[in-house]
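Peer 1: kindly return the folded structure for what I paste below:
(2 chains)
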Amino acid sequence: MLSLLKFLILIVIFFAAGNAVAVNKSVEGALFDLSIEDLMQIEVTTVSRRSQKLSEVPSAVFVITQEDIQRSGATSIPDALRMAPGVQVERVSTDKWAVSIRGFNGVYANKLQVLMDGRSVYNPMFAGVQWEQQDTLLEDIERIEVIRGPAAAVWGANAVNGVINIITKQAADTQGSLLTAGGGSFEQGFFGARYGGKINEATPFRFYAKGFTRDRLTSTTGDNIHNQWHSARGGFRLDHTRGIDQFTLQGDIFYNAHGDTVDRSQLNLPGIPQNGSRGHNEGGNIRLRWDRVYSEQSAIMLQIYYDRNRYRLVPIGDSDAESFDVDFQHRLNFLEKHSVTWGLNYRLYHNTVFDSVISQFTPREQTNHQFGAFLRDEISLLPERLMLTIGTRLDHNDFSGLEVQPNARLMWTPNSSNSVWMSISRAVRIPSRAEQDVTAVVQQIQGLPGFPILPVPILATITGTNNFGSEKLIAYEVGYRHQITPRASVDIAGFVNDYSQLRDFSFGALSAGVGLPGQIRIPVTANNNASALTYGLEVSADWKPLNQWRLQASYSYLNMDIDSSELVKQLDPTTGGADKVAPQHRLSFRSNYDFSEKLQLNLWLRYVSKIAFYNIPDYVTMDARFSFKPVKHVELFLMGQNLFSQNHREFVSDTIPTLPGVIPRGIYAGVQWRF
Amino acid sequence: MAVLTGNSMVRLTCGSILVLFLGVVLGAQLHASELITDRAGEYRVKAAFIYNFMAFTQWPELTGQTLNLCIYGKDHFGEEIDELETKTINRLVIHVSRLASLEKVNGCQVLFISQSEAGQIPGILDKLHELAILTISDNPNAASKGIMINMSLIENKIKFEINLKSARLAKLSISARLLQLASRVYQ
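Peer 2: Residues are numbered from 1 along each chain as shown, chains lettered A, B, ... in the order given. As a prediction, this is how the structure comes out:
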């Protein structure tokens, strides 16, 4: 409550400050009075041009641009995602985030598809994204497209609540050298280097390397969580253009050293270390893409990638996974009014999960295949005014068989400054390998109603089952975009999501633990008996009161009603209790002010309402970034993170109970040199 | 006043913030200027370029009272380009029209070929065969195909190429100032 008031007061101050300096600039139409030399100096940002193209798409889309990332001072992709409305980003630990869209958040949030340059980073073993592995030189990111709502008709299964597309720049756009380095309190030290050159005019390339160390967190009780994080990463991109063909070869490798501490008050098994554990994960990927563009309306694309990662943090996880993917798409014009896109996809997953005291997979090693095909038709019912998009995707997977995911979208553009869209779509979240193959002790149950009171804790043991099927969603969405002036726009989207066959759990009979004396186990088995109805609203606004001043605001409201068994509501934050995990209100307010070409001040204010499930109160915080360019090509920056909240809590690790950390205030400084 | 519960208080506050946001955005209408951040804006700049291109071009013989600017294909300019009709070039009034077909192209002094017709450029140029019409477009490589002035967005700024050979064949003369500013001139 207090934090919200604080937020409100700060916004009023922002505006008061702004209005003091806001003066009317020139009026419209002045463009025709400019000389051609002046016209040639006017910047038309490509990013917004692309985002404008995106905004012609009838779905809730938000684009985070390179400039947004740079000005926000975000040091990781998940932190940058906080800028997008409807996205819930909570830091769980130094190297762990819970990221979801429109609810159902968790460390393994399973209803969100994430792609980096067209490569899916959704982990089918646990159903979720390991955010600590998803990184690149942030300066090389061109934009992050955040699509809220189902996008399964194009992107396939698991794009239930949304899709995040992280798109890096073409090699031609990253020519020259870039060096950056710095350090501070939480961001203890970081460096980044990139070199971009050309083999010949048609063949630009780049190489990059980066590394950082981030401080460990302390738990709410003041314990060391042992999660200090060291990361090293490198990669390259090579583009080649030959006539109507374009080829891209891209690859990355990374190494992370990290740690975590299992909360022994929740899970006290022999073999769980007292003082936390340290581990590492490493991996790499390589991708080849071929585009052939016949015309604006007709093009083909073929992409192949291979991705591998090894994760070892005993006893939390120990696995080796690889995936291989082939993707083909063809776009063509058909009978004038139809723009048809169709595609085929094959993906292979191969993974081995090693036993730990917490979990065992049977079988340990498995190969899975997934086939997909999609067809989408954009029909212009009234040229440039009314557009109908219908499409469907068929996916076949080893866990739930054939899945059909259709959608229909209608977009009405009465004039160039207004557009209204609506859609109905179906999407599924397919079962993960864990849900079928795992045996995992996840929690000690003590003193819960419905359970006998025993001197020893009862160990809830999740037992995988083939009977668990996919989770389903039918979503109804509507949206409105308005370009108020060339300097101001607003985007509103609302949705009702009707989920069925969500994951619920049933409890079996108590039994004595095998091999371990003094333990009582209760098997917990997943079923599809839960359902949910969620609805919400997201508003974002963008305004440039002055050429040197930009304000961006967003507000997200989310309400969830979940129907699942009473006990699961109290025990399972991922589904049964998800309504109490999703903050109802979320606000973000950014102000980017350029005092001159040399001096920038960027402020970012955020409010997140309470998370009742974990007893986390609401909070308001602010990041501030001050940047000074003493000479061309050199930038010095000073960044304050979480300035209004020394040690606030954001989230708690679900699935495996580890000690929750508090997020500290952080200060860092650095320098960037481009030449 | 009735006591507000915490929840309704939060809603109320959020509601007022929302109103504040919207108010701010609506208030923004007061501050309009030359900032270019969207596709419509990109085309406003392009329209201003076209105005300049027309001003720096000389036609062999102009009989009418107007300079006719014709747009062929999907119109990305919208109403903005119609503002050109308030402008004059050498005391000639500019008239903007959208062509559904090329039948009436004879009446045009300037033909803008939209991106939607990119594939048709060679055919269109064939139809025009050396008529005194200034051809302008914003399609990749269009100048090399014979379009007289082609705009493209490079590093956030609009650049243009000129095909002087096509202009000469059509007996149009393009000012040296424009030629100097062109990123490339095809002779």
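
Peer 1: for the strand ranked longest in chain A, packing partners?
Peer 2: Ranked by residue count under DSSP state E, the longest strand found in chain A is strand A:520-546. Applying 3 or more CB pairs under 8 Å, 6 or more residues apart in numbering or on different chains; DSSP states H and E, we find strand A:520-546 packed against strand A:438-445, strand A:458-463, strand A:488-507, strand A:511-512, strand A:549-563, helix B:6-27. Any C-beta I mention is one placed from the backbone N, CA and C, and that applies to glycine too.

Peer 1: ok, the nearest residue to A:Tyr614 once chain neighbours are set aside to A:Val129 distance?
Peer 2: Spatial nearest neighbour of A:Tyr614, excluding adjacent residues (CB to CB, 6 or more residues apart in numbering or on different chains): A:Val652 at 4.4 Å. Distance, A:Val652 to A:Val129, by CB to CB, to the nearest Å: 18 Å.

Peer 1: again with A:Asn415
Peer 2: Remark: distance between A:Asn415 and A:Val129 (CB to CB) = 39 Å.

Peer 1: more neighbours, those two?
Peer 2: Between A:Asn415 and A:Val129, counting by other CB atoms under 10 Å in any protein chain shown, A:Val129 is the more crowded of the two (25 against 12).

Peer 1: for the more buried one, which residues are in contact?
Peer 2: A:99, A:108-109, A:112, A:114, A:121-123 (CB atoms under 8 Å, 6 or more residues apart in numbering or on different chains).

Peer 1: show the average pLDDT along stretch A:240-256.
Peer 2: In this model, stretch A:240-256 has a mean pLDDT of 93.

Peer 1: what does stretch A:592-612 give?
Peer 2: Throughout stretch A:592-612, pLDDT has a mean value of 93.

Peer 1: before we move on, what about stretch A:418-437?
Peer 2: 93.

Peer 1: show me how far that stretch is from its chain's centre.
Peer 2: 15 Å (CA atoms, centre = their mean, to the nearest Å).

Peer 1: B:Asp126 in helix, strand or coil?
Peer 2: helix (DSSP: H, G, I helix; E, B strand; the rest coil).

Peer 1: distance of it relative to chain A?
Peer 2: 18 Å (CB to the nearest CB, to the nearest Å).

Peer 1: residues near that residue, how many?
Peer 2: 10.

Peer 1: now the helices for chain B?
Peer 2: Remark: helices assigned in chain B by DSSP state H are B:6-27, B:39-55, B:121-128, B:142-145, B:164-169, B:176-181.

Peer 1: lowest-confidence stretch among the ones you listed?
Peer 2: helix B:6-27 (a mean of 48).

Peer 1: spell out which parts of the stretch 301-450 of chain A neighbour chain B.
Peer 2: Taking CB under 8 Å from any CB of the partner chain as the criterion, the stretch 301-450 of chain A approaches chain B at residues A:383-384, A:415-417.

Peer 1: run the last query once more with 7 Å
Peer 2: Contacts of the stretch 301-450 of chain A with chain B, taken as CB under 7 Å from any CB of the partner chain, map to A:384, A:416.

Peer 1: and the residue of the stretch 301-450 of chain A nearest chain B?
Peer 2: Residue of the stretch 301-450 of chain A nearest chain B, by CB to the nearest CB: A:Ser416 (4.3 Å).

Peer 1: surely that residue and B:Gly78 touch.
Peer 2: Yes: applying CB atoms under 7 Å as the test, A:Ser416 and B:Gly78 come out as touching, 4.3 Å apart.

Peer 1: can you give me the buried ones in stretch A:317-326?
Peer 2: A:317-323, A:325 (16 or more other CB atoms under 10 Å in any protein chain shown).

Peer 1: just how off-centre is that stretch within its chain?
Peer 2: How far stretch A:317-326 lies from its chain's middle: 20 Å, per CA atoms, centre = their mean.

Peer 1: hey, C-alpha coordinates of that stretch in CSV?
Peer 2: Provided in CSV are the C-alpha atoms of stretch A:317-326 (Å, rounded to 0.1, in the frame of the first residue of the first chain):
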residue,chain,number,x,y,z
GLY,A,317,20.0,-31.2,-11.1
ASP,A,318,22.4,-33.3,-13.2
SER,A,319,21.7,-33.7,-16.8
ASP,A,320,23.0,-33.7,-20.3
ALA,A,321,20.8,-32.6,-23.1
GLU,A,322,21.0,-32.0,-26.9
SER,A,323,18.5,-31.0,-29.5
PHE,A,324,18.5,-30.8,-33.3
ASP,A,325,15.9,-28.9,-35.3
VAL,A,326,15.0,-28.4,-38.9
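
Peer 1: which residues does it contact?
Peer 2: Stretch A:317-326 is contacted from outside by A:120, A:125, A:304-312, A:346-354, A:356, using CB atoms under 7 Å, 6 or more residues apart in numbering or on different chains.

Peer 1: repeat that for 6 Å
Peer 2: Outside stretch A:317-326, the residues within contact range by CB atoms under 6 Å, 6 or more residues apart in numbering or on different chains are A:125, A:304-312, A:346-354, A:356.

Peer 1: next, count neighbours for A:Ala509.
Peer 2: 7.

Peer 1: kindly report the same for B:Gln187.
Peer 2: For B:Gln187, the neighbour count with other CB under 10 Å is 7.

Peer 1: measure it to chain A for me?
Peer 2: Using CB to the nearest CB, one gets 21 Å for the distance from B:Gln187 to chain A.

Peer 1: returning to that earlier point: can you tell me which of the contacts of stretch A:317-326 are in strands?
Peer 2: Residues of these located in strands (DSSP E): A:304-312, A:346-353.

Peer 1: what's the first helix or strand after the worst-scoring helix or strand of chain A on mean pLDDT?
Peer 2: With mean pLDDT, DSSP states H and E as the measure, the helix or strand of chain A carrying the lowest mean pLDDT is helix A:46-55 (a mean of 39). Heading C-terminal from helix A:46-55, the first helix or strand you meet, by DSSP states H and E, is strand A:60-65.

Peer 1: buried residues in that next one, which are they?
Peer 2: For strand A:60-65, burial by neighbour count (16+ other CB under 10 Å) applies to A:60-65.

Peer 1: check stretch A:265-283 too.
Peer 2: For stretch A:265-283, burial by neighbour count (16+ other CB under 10 Å) applies to A:266-267, A:269, A:272, A:276-279, A:281-283.

Peer 1: Serialize those residues to a markdown table and add fields for pLDDT, secondary structure and distance to A:Thr525.
Peer 2: Formatted as a markdown table, those follow (pLDDT from 0 to 100; DSSP: H, G, I helix; E, B strand; the rest coil; distance: CB to CB, whole Å):
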| residue | pLDDT | secondary structure | distance to A:Thr525 |
| --- | --- | --- | --- |
| A:Gln266 | 83 | coil | 21 |
| A:Leu267 | 84 | coil | 19 |
| A:Leu269 | 82 | coil | 20 |
| A:Ile272 | 87 | coil | 24 |
| A:Gly276 | 89 | coil | 31 |
| A:Ser277 | 92 | strand | 29 |
| A:Arg278 | 95 | strand | 33 |
| A:Gly279 | 95 | strand | 29 |
| A:Asn281 | 96 | strand | 30 |
| A:Glu282 | 97 | strand | 34 |
| A:Gly283 | 96 | strand | 32 |
